[in-house]
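Asker: what shape does this take:
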Amino acid sequence: MTGQWCPFVWGREVTMDFDIHLMYDERCTLVRVQGDIDVVSRARFEETLFDVVDAGGPLVVDMREVTFCDSTGLNAIVAANRRALESETHVALVALPPRVQRVFHITGIDKFIPIYDTLREAIGAFPSTTTQ
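Answerer: Numbering: from 1, shown residues only. Down below sits the predicted model:
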């Protein structure tokens, strides 16, 4: 949806600067997010997170290219985490830019949704699914 025109938000025209990509691996599904996670992009963002959680397996959200995250974005992540816990799977966030990480810290979300610097750290923290 990068550059898609949205006709009306709070009485002004806006351009949606948001894109999302999925990458599948045997260890997890990686959701790479780019741009603003806000009231305009929330529905697509939340739907994608829910689809991944409902498919099963761990979810890692790579936020290195997120430029802004408002309360609707935070709520989408919290809701996806709640859904994942109900399905006995895991959600982790990676590579949050300092401005975005600050919001997660101020709201306390970083206390119950793990945040890692790298994808390797996030995957390494997931419980092993192999049996010996």
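
Asker: burial count for residue 34?
Answerer: A count of neighbours around residue 34, defined by other C-beta atoms under 10 Å, yields 18. Using the backbone N, CA and C atoms, a C-beta is placed for each residue, glycine as well.

Asker: and residue 113, by the same measure?
Answerer: Residue 113: 19 neighbours (other C-beta under 10 Å).

Asker: mind listing what it touches?
Answerer: For residue 113, the contacting residues are 77-78, 81, 91-93, 104, by C-beta atoms under 8 Å, 6 or more residues apart in numbering.

Asker: confirm residue 96 sits in a helix?
Answerer: No. Applying DSSP: H, G, I helix; E, B strand; the rest coil, one finds residue 96 to be coil, outside a helix.

Asker: how many residues are close by it?
Answerer: Residue 96: 22 neighbours (other C-beta under 10 Å).

Asker: tell me which element the residue nearest to it when sequence neighbours are not counted is part of?
Answerer: Distances taken as C-beta to C-beta, 6 or more residues apart in numbering place residue 63 nearest to residue 96, at 5.0 Å, with adjacent residues excluded. Under the criterion of DSSP states H and E, residue 63 resides in strand 59-69.

Asker: pLDDT on the next helix or strand after that strand, on average?
Answerer: Next along the chain after strand 59-69, taking DSSP H and E as the criterion, comes helix 71-86. In this model, helix 71-86 has an average pLDDT of 96.

Asker: next: stretch 120-132.
Answerer: On average, stretch 120-132 scores 77.

Asker: can you check stretch 22-31 too?
Answerer: So the average pLDDT for stretch 22-31 ends up being 92.

Asker: widest-spaced pair of the contacts of residue 113?
Answerer: Using C-beta to C-beta, the pair of the contacts of residue 113 lying farthest apart is 78 and 92, separated by 13.7 Å.

Asker: let me see the contact set for the closest residue to residue 31 other than its chain neighbours.
Answerer: Nearest residue to residue 31, sequence neighbours excluded (C-beta to C-beta, 6+ apart): residue 61, at 4.9 Å. Under the criterion of C-beta under 8 Å, 6+ apart, the neighbours of residue 61 are 31, 33, 49, 77, 91-94.
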